[in-house]
Structures are given as structure tokens and as C-alpha cells.
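**Q** Quick one: sequence and predicted model below, then my questions.
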Amino acid sequence: MKFISVLSALFVALTLYVLVFERAALKSFATTGDFGSLVSAISSPEFTLTQPPNAEQSEPEDTTDVTLAAMSSGSGAAGTTDPEAQSGLPMRAGTDSAVQSELAPPKNAGKTGGKQEPVKVVAQQSEARLVDTAVVLRGRTEAARQVDVMAETSGKVVSVPLRKGRMVTKGQELCKLDPGTRMATLADARARLAEASARVPEARARQDEAQARLDEAKINNNAALKLSQGGYATETRVATTQAGVRAGEAAVQAAKSGLESARAGIQSAEAGVAAVEREIEQLTITAPFDGLLETDTAEFGSLMQANGPAGGHCATIIQLDPLKLVGYVPETEVNKIVIGANAGARLAAGGEAVTGQVTFISRSADVKTRTFRIEIQVPNTDLRLRDGQTAEILIASDGAKAHLLPQSALTLNDEGKLGVRIVDTNSLAQFRAVKLLRDTPKGVLLTGLAQSATVIVIGQEYVIDDVEVAVTLSEIAQ
């Protein structure tokens, strides 16, 4: 059994030897059927194969093997530079085809001089043009005015309510309250005013009487002084007349004070009348401006209290014409916007674009977001725009030169920067970082490139910087 195993191993080794090292001889045997040539090739270390004429046509890959074998046998006379040939070592006719392909020069080595062929790409010749830049942000619509109309006095509602959605005009009655005893209070206030007004003539008469007595006291005092100088009147009489003058002056002053008090009573009575009249006016609650009822007015029979726990809410009115667009601009772009700048917006729900002008730019940033509030006023005569709708807002700013390129031309470099690949004057690919202005239906507007640039639009992902490219220009309308 051991003998059979040894024979099997020798047979396998011989078969592998023939398949690996004597492939040329094995192929010749398969072609000619000469078994003696196969045995002599295996037993001889320097096997030279003379191939039949038709072998070259049937097996073209063996030509190199035969040539190398011939060169090996005649190396001394040919003067070859092969190290194996110069050392006298024989080259086997069954050398591996992979080794032969490495020794053979490339097919295009003589044409390209050993350089890598240029990478074929498609590029677009782009020229920068002046475009209108815009600050793009998302915002919302907001009513120009929104007011909760409240009651200023207390009372029961005696008017029929108006339903929400109805248009109202400035001064139109919304809620009416029961006057109660306010008309009687007004009559009492008017009576007090009349009483105060009647006191004025009485006070003025008292003032005139006090003034007359003062004049009489002054005359008596002058006569007593003259008689006293001639020795015809005593000092007691003079003192008495002087006291009469001072009493007259005091009476005049008291009369003036009484007159002023009567006039003040008139003013107080007038204020009382005005207060009652104002409270009666407050019984009728009217619309402060033209607008739309957002809620029903107060229901008939309900009690409204100005300072009560439930409040005195009558209705809510909003004004939608004109309408405001409200957005928040980051601090990096707020300086691009000025008051009066043209602006447009398109609602997220669709519809036509609306245009207007910037009317307000906040001077104080939001503490949390560090953004600035802006307001844009737009017309809304048909009231098709509603309060609180989301809108994409574009605000015009100074123009800039930009390239219009396909969005597919954009790529990223190893650092993650957005840019494109261009072709320089030496036909080498180069990466250029760009800034995206905005997206359009025809492509993207980019800045950061020269006035004229050859931008790779197809194949930019297969090249890196300083790689030679073969450019095919693509004419794309900008």
C-alpha cells in the first residue's frame, strides 16, 4: 500500500511539473502528437522547440516563448543585454505569460512617452454676470392691526350680536349697554351746574358791596386825619376810621374769594356733567378702525364689567389691508437691508407672489436668536392673504457678479468645502471654493470665481488638483 501511495505522489508531482514548467512542450505535444519530443523536453534542461508552421496561427501566444528560447540558446553570438543570457543561464520555453508581459514594453509607451493619458471631462465656458442679490429668509404674514375691543364701563348688553367674519367700518356700533340710572345721574349733575352758576352773581354783588364800604371808610379816614391836624378831631376818631378802612379791605378780599369759589363750583359741576355724559357714551362700543370681525360680538343679555374677573370683552377686530410680512434677519446680513428696499414673498400654501417695501428694521437683536425683526408692508385689497401664513421672503440688496452653473457641477474637496473644479490654462484641473447666492430654475448662482472660467460639469468627481484633462466644451445657455 505504501508503494502505491509513493507512485501516486510521484505521478502527481510529475503532472504538476509538466503543467507549470513545461507548458510549451505540453502544448507542442497536443499539437503534433509526438510523445518522444515531450519526453526529451522533460528529461533535457535545455529544451528548444521547433514549432510547426501552423502552430503560430493556432497558438499566437507561444511566439514569445519560442523567441525567448531561441535567444537563450544563441545568446553568445547575438550580444543581448539580458542578464540571464549574459550569465549563460538557459531560459525555459515555458516561462509564465505574466512574467513575459511585464518584460514586454507597453503597447502605447512609444506614443505617450510614459505619461498618463489625460482624463476626459465635459466643461462649460462660463462668464460672470451682474445679478440682483437678495436676502432670503422665512417669515410669516401679520395683520396690520389686531385689537380686542373692551368695555370701559359696566352694564348689560342690549344689542344684537354681530357674527365673526363680517366687515365693519370705523365708528360702527358693536355692543350697546343698558344705561340704567345714568340718565338720572346726568340730570342731577346738570342741576348742580345750574346752582353753581347762580352763585356767581351773588358773589360778584358781595364783592361790589365790600368795595363800596372800603371806599367809604377811606373817605372817613381822610377827613379824620385833616381834622386831627387842625385840632378839631381826637386821636380816637382817627384810629376808628383807620380800623374801618382795614375792615373794608378784608371784606373786599372775602368777597373776591367767594366769587372764585362760585366759579370753582361751576367748573366742578361741569366736570360732573362731563363724567356722566362720557359714561353714557361708553355704553355704545364702536369699531376703532375698518376691519374684519375675528370673533362674535358680546351676546345679548350678557353682563359686561370693565374691571370684573371675566373682563369686558366685546369683540376682536383685525385689519388685513395693508398686510405686514414679518421675518428675522441674522446679524451677518442685516446691514444689507435698508428702509424702503423692495421685497417680495411667496406663501408656502402657493399662489401669486406679493411685493412691497421694507418699513421697519429693528435696532435691537433678539436675545436668544441674535436676529433682527423686519417688517414689510404689502397691499391686500382682495383680502386673499391671511394672518399667520408662512412665507418665503426675498429682500433686494446690492447686485453682485455671479456664474450661472448646473447644480451638478458642485463638489466638495477633502476639507468639506463647497466648490467647483475648473480647467486652468495648462489644461490641469483645479478646485475653487465658491459661495452659493441662490438657486434658480436654470441652475445655481455662484460667486468666488474669476470673470471667465472653464468649469467642469461632467467628470469633476474623477479628477483631483493638477491632473491633466481633455476638455470637451458644452454650450449651455445661461
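**A** Structure's in. What do you need? Numbers count the residues shown, from 1 in each chain.
**Q** If we go by neighbour counts, what in stretch 386-403 is buried?
**A** For stretch 386-403, burial by neighbour count (16 or more other CB atoms under 10 Å) applies to 387, 389, 391, 393-397, 402-403. All C-beta atoms are positioned from the backbone trio N, CA, C, and that covers glycine.
**Q** Correction: the previous question concerned stretch 248-262.
**A** 248-249, 251-252, 255-256, 258-259, 262.
**Q** of these, closest to residue 121?
**A** residue 262 (105.0 Å; CB to CB).
**Q** ok so that closest one is a strand residue?
**A** No: checked against DSSP: H, G, I helix; E, B strand; the rest coil, residue 262 lies outside a strand; its state is helix.
**Q** measure it to residue 248 for me?
**A** Counting by CB to CB, to the nearest Å, the gap from residue 262 to residue 248 is 21 Å.
**Q** Do a quick rundown of the helices in the protein.
**A** For the chain, the helices defined by DSSP state H occupy 2-21, 23-32, 35-43, 55-58, 63-73, 75-78, 83-86, 97-103, 109-112, 182-230, 235-281.
**Q** Nearest to residue 151 among the ones you listed would be which one?
**A** Short answer: helix 235-281, nearest of these by CB to CB, at 11.4 Å.
**Q** closest one to residue 140 among the helices of the chain?
**A** Per CB to CB, nearest to residue 140 of these: helix 235-281, 37.9 Å.
**Q** average model confidence for the closest one?
**A** Mean pLDDT, helix 235-281: 87.
**Q** which helices and strands sit right next to it?
**A** helix 182-230 (3 or more CB pairs under 8 Å, 6 or more residues apart in numbering; DSSP states H and E).
**Q** Which elements pack onto the helix it packs on?
**A** Using 3+ CB pairs under 8 Å, 6+ apart, helix 182-230 sits against helix 235-281.
**Q** got the angle between the helix it packs on and helix 182-230?
**A** On the basis of axes from the mean of the first three to the mean of the last three CA atoms, to 10 degrees, helix 235-281 is oriented at 170 degrees to helix 182-230.
**Q** need the contact list for residue 417.
**A** residue 433 (CB atoms under 8 Å, 6 or more residues apart in numbering).
**Q** Now it, what are its backbone angles?
**A** In terms of degrees, to the nearest 10, the main-chain angles of residue 417 are phi -80, psi 140.
**Q** That one and residue 429, how far apart?
**A** Taking CB to CB, one finds residue 417 at 16 Å from residue 429.
**Q** now swap in residue 165 and tell me
**A** 64 Å.
**Q** And for residue 32?
**A** Taking CB to CB, one finds residue 32 at 57 Å from residue 429.
**Q** Quick check on the two: which one has the bigger neighbour count.
**A** Just comparing residue 32 and residue 429: by other CB atoms under 10 Å the higher neighbour count belongs to residue 429, 24 against 13.
**Q** Any idea how many residues pack against the closest residue to that one other than its chain neighbours?
**A** Closest residue to residue 429 apart from its sequence neighbours, by CB to CB, 6 or more residues apart in numbering: residue 463 at 4.2 Å. For residue 463, the neighbour count with other CB under 10 Å is 20.
**Q** isn't residue 463 right next to residue 423, touching?
**A** No: in this structure, residue 463 is not within contact of residue 423 by CB atoms under 8 Å, at 9.6 Å.
**Q** Which neighbours do the two have in common?
**A** Contacts common to residue 463 and residue 423, judged by CB under 8 Å, 6+ apart, are 121, 429, 456, 469.
**Q** Just the pLDDT for the third one.
**A** Among the per-residue scores, residue 456 shows a pLDDT of 94.
**Q** Then the last one?
**A** Residue 469 is assigned a predicted lDDT (pLDDT) of 93.
**Q** Switch the helices of the chain over to TSV; also include distance to residue 327.
**A** Below are those laid out as TSV (distance: least, CB to CB, whole Å):
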stretch	distance to residue 327
helix 2-21	79
helix 23-32	80
helix 35-43	91
helix 55-58	82
helix 63-73	77
helix 75-78	88
helix 83-86	80
helix 97-103	69
helix 109-112	59
helix 182-230	49
helix 235-281	41
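**Q** who's the residue nearest to the spatial centre of the chain bridged to?
**A** Nearest to the geometric centre of the chain sits residue 137, at 2.7 Å (CA atoms, centre = their mean). For residue 137, the beta-bridge partners under DSSP bridges are residue 393.
**Q** Would you enumerate the residues in contact with it?
**A** Here residue 137 is in contact with 327-329, 392-393, 395 (CB under 8 Å, 6+ apart).
**Q** This protein - how does it break down into domains?
**A** 2-104, 119-131+400-473, 182-281, 314-396 (automatic domain parsing).
**Q** Which of those domains sits closest to residue 145?
**A** domain 314-396 (4.0 Å).
**Q** and residue 431, what are its bridge partners?
**A** residue 421.
**Q** just residue 145 next, same as before
**A** Applying DSSP bridges, one finds that residue 145 bridges with residue 319.
**Q** gap between it and residue 326?
**A** 14 Å.
**Q** And residue 341, by the same measure?
**A** Residue 341 is 15 Å from residue 326, by CB to CB.
**Q** So what's the residue count around residue 220?
**A** By other CB under 10 Å, neighbour count at residue 220 equals 17.
**Q** Hmm, residue 415 and residue 433 touching each other?
**A** No: counting by CB under 8 Å, residue 433 stays clear of residue 415, with 9.2 Å between them.
**Q** Tell me which of those two has more neighbours.
**A** residue 433 (13 against 8).
**Q** Contacts only, for the spatially closest residue to that one that is not a sequence neighbour.
**A** In space, and not counting its chain neighbours, residue 433 is closest to residue 419: 4.2 Å by CB to CB, 6+ apart. Listed by CB under 8 Å, 6+ apart, the contact partners of residue 419 are 410-413, 431-434, 448.
**Q** how close does residue 419 sit to residue 446?
**A** 9 Å.
**Q** cool, and residue 394?
**A** Distance from residue 394 to residue 446, by CB to CB: 18 Å.
**Q** And for residue 435?
**A** Residue 435 is 7 Å from residue 446, by CB to CB.
**Q** and what of residue 225?
**A** Relative to residue 446, and taking CB to CB, residue 225 is found at 111 Å.
**Q** which one of the two has more residues nearby?
**A** residue 446 (27 against 14).
**Q** I'd say that one and residue 434 touch.
**A** Yes: using CB under 8 Å, residue 446 is in contact with residue 434, at 4.3 Å.
**Q** can you list residues touching both of these two?
**A** By CB under 8 Å, 6+ apart, the residues touching both residue 446 and residue 434 are residue 420.
**Q** quick revisit: any chance of the domains of the chain in a markdown table with distance to residue 171 as columns?
**A** Listed next are the domains of the chain as a markdown table, based on distance: least, CB to CB, whole Å:
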| stretch | distance to residue 171 |
| --- | --- |
| domain 2-104 | 101 |
| domain 119-131+400-473 | 47 |
| domain 182-281 | 12 |
| domain 314-396 | 12 |
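**Q** out of these, which comes closest to residue 289?
**A** Closest among the domains of the chain, using CB to CB: domain 314-396, at 5.9 Å.
**Q** distance between the ends of the closest one?
**A** 42 Å (CA to CA, to the nearest Å).
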